[in-house]
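Enquirer: turn this into a structure:
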Amino acid sequence: MIIRKLFKFENAHVVRGCSTQRCRASIHGHSYKVEVLFESKYLDEGQMVYDFGLMKRGMKELIDSFDHGVAIWDGDDSAYIASMKEHSNRWVILPVSPSCEQFSRVLFLMIDRLLGATEMVNGERGVKLHSIIVHETETGYAQAFEEDAYSELMGTISLASIHFSDEVRESWSDPMLWEKILTGESFLNPKTV
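Expert: You can find the predicted model right below:
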């Protein structure tokens, strides 16, 4: 069975090297919709694959990290990067260009890492991240599956190369969330949310 949870965020970016001149040469923004799809052959004690309420902390906070911020490719011009950091309190530095395709891969890796480190306490079994769909516009989206997120053909993405501004970190319930994810610290799902 597959379940789906929808998240939203507003973000600005520049996608260097793309064919569309407006997108590669000017900062612009989108109202993103992110679909997180989980799958399992089992149901938990509440007869669910995975309680949507459990997604309100870590998973939602990771996706919310991009809200009202700037997604910046670490390979962009250094003056541009410095200017964006100087003039925006909310930014995320990525080791890839912030295209819709790369957003879907990055978010897959982030959520997959968090899910893999989560201890489940309500009978959840075999819960796996199926895919991430990132809608950049009303008419266009990218969907990443496990093989895409971890694809060497598309370029390996190092989670350790993702950096969040102080303001983003301070918005999390645990400002050390990212460090804990990177080091593989265990997260215990609450019995009640």
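
Enquirer: report the mean per-residue pLDDT for the one helix or strand Ala82 maps to.
Expert: When elements are assigned from DSSP states H and E, Ala82 belongs to helix 78-87. Taken as a whole, helix 78-87 has a mean pLDDT of 97.

Enquirer: and stretch 137-149, by the same measure?
Expert: 97.

Enquirer: can you pull out the residues in contact with the helix ranked longest in the chain?
Expert: As assigned by DSSP state H, the longest helix anywhere in the chain is helix 100-116. Contact with helix 100-116 is made by 32, 34, 36, 38, 58-59, 62-63, 71, 94, 96, 127-129, 131-134, 136, 140-146, 148-151, 154, 157, 159, 162, 181, 187, as judged by CB atoms under 8 Å, 6 or more residues apart in numbering. All C-beta spots, glycine's among them, are computed from the backbone N, C-alpha and C.

Enquirer: residue ranges of the helices in this structure, please?
Expert: So, for the chain - with DSSP H - the helices run 21-25, 58-64, 78-87, 100-116, 146-149, 166-170, 177-183.

Enquirer: report the central residue of this structure.
Expert: Leu107 (2.8 Å; CA atoms, centre = their mean).

Enquirer: mind listing what Val36 touches?
Expert: Residues in contact with Val36, defined by CB under 8 Å, 6+ apart, are Arg4, Lys5, Leu6, Phe7, Met55, Met59, Ile63, Leu107, Ile111, Leu129, Ile132.

Enquirer: ok, and the most crowded of those?
Expert: For the contacts of Val36, neighbours were counted by other CB atoms under 10 Å; the highest total belongs to Ile132, with 26 neighbours.

Enquirer: any idea what that residue is bridged to?
Expert: Beta bridges link Ile132 to Val36, Ala144, judged by DSSP bridges.

Enquirer: pretty sure it contacts Asp148?
Expert: No - with contacts defined as CB atoms under 8 Å, Ile132 does not count as touching Asp148, sitting 9.2 Å away.

Enquirer: residues in contact with the residue with the largest distance to the centre of the chain?
Expert: Computed with CA atoms, centre = their mean, the residue of the chain farthest from its C-alpha average is Glu45, at 28.0 Å. Applying CB under 8 Å, 6+ apart, one finds that Glu45 lies in contact with Asn122, Gly123.

Enquirer: that one and Cys18: what is the separation?
Expert: According to CB to CB, to the nearest Å, Glu45 and Cys18 sit 47 Å apart.

Enquirer: again, but for His68
Expert: Distance, His68 to Cys18, using CB to CB: 23 Å.

Enquirer: and Leu177, by the same measure?
Expert: Between Leu177 and Cys18 the distance, using CB to CB, works out to 31 Å.

Enquirer: these two: which is more packed in?
Expert: In this view Leu177 and Cys18 are compared by other CB under 10 Å, and Leu177 has more residues nearby, 20 against 13.
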